[in-house]
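> Just the structure for this:
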Amino acid sequence: MPGIKLAPSLLNADFSDLRGAVSCIEGLADAVHLDVMDGNFVPNITFGPLVVRAVREITTLPLDVHLMIAHPAEFVEDFVEAGADWISFHAEVTRYPGEILGMIHGFGKRAGLVINPQTPSDRVFEYLELCDYVLVMTVMPGFGGQEMIVEALEKVGEIKREADRLGLKVEVEVDGGVKTRNLPLVKEAGADIVVVGSSIYGAPDPRRAAEEIRGLLDD
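Here you go, the predicted model:
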């Protein structure tokens, strides 16, 4: 699909019906976003490679795996084998993100670096050459359904301008509290990929909610 990519997050989906959760976004989404939490880097625990593998078996959409874990290098290969297409991890967990980005690329996958709301955009600047995308968190990681920290959107433009200055093509993904009412702000900030979770899977009709968001992104 042209324009802004939609990556619905399964964090708030009904895990007793993964097939239904994925099928309701087919034809509307550009990727499926999977939030992996370890109870260490963030206080919650979600799922691991087994669930990623289960989702891989029911869709051909790219799997956008967001590792909110303390030791991403130890698990990259597991998620690659499970079927991940994009793998991102937090800049806050390592002094050597370049090594992990290189590891992900070594498996032939898209590599991304994530920054929390309080982390300045320049934390990723020296690694942009190694990034296919940067994920800007607009909520604190670890829980779904939070309100967006709108000020964090400023980092989208800062990262894109630095990438342009360096002559690089780096997509910027926004994740956290995205709803129909603030989607215009996300678009105005220049996001290339938008993660939407509870606004789709917390809605009475997830398919209809996804259609509305798709329409707003394409407008």
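
> Can you show me the strands along the chain?
Under the criterion DSSP state E, strands of the chain are mapped to 5-8, 32-37, 63-68, 86-90, 110-115, 133-137, 171-175, 193-196.

> Reformat the ones you listed as CSV; add mean neighbour count and mean pLDDT.
The C-beta positions use only the backbone N, C-alpha and C, and glycine is treated the same way. Formatted as CSV, the strands of the chain follow (neighbours: other CB atoms under 10 Å; pLDDT from 0 to 100):
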stretch, mean neighbour count, mean pLDDT
strand 5-8, 25, 98
strand 32-37, 24, 97
strand 63-68, 26, 98
strand 86-90, 27, 98
strand 110-115, 23, 98
strand 133-137, 26, 98
strand 171-175, 25, 98
strand 193-196, 25, 97
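
> Can you add distance to Arg208 and give these back as JSON lines?
JSON lines is the format used below for those (distance: least, CB to CB, whole Å):
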{"stretch": "strand 5-8", "distance to Arg208": "13"}
{"stretch": "strand 32-37", "distance to Arg208": "18"}
{"stretch": "strand 63-68", "distance to Arg208": "23"}
{"stretch": "strand 86-90", "distance to Arg208": "27"}
{"stretch": "strand 110-115", "distance to Arg208": "30"}
{"stretch": "strand 133-137", "distance to Arg208": "27"}
{"stretch": "strand 171-175", "distance to Arg208": "22"}
{"stretch": "strand 193-196", "distance to Arg208": "13"}
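
> Please name whichever of these is nearest to Pro97.
Closest to Pro97 of those is strand 110-115 (CB to CB; 5.7 Å).
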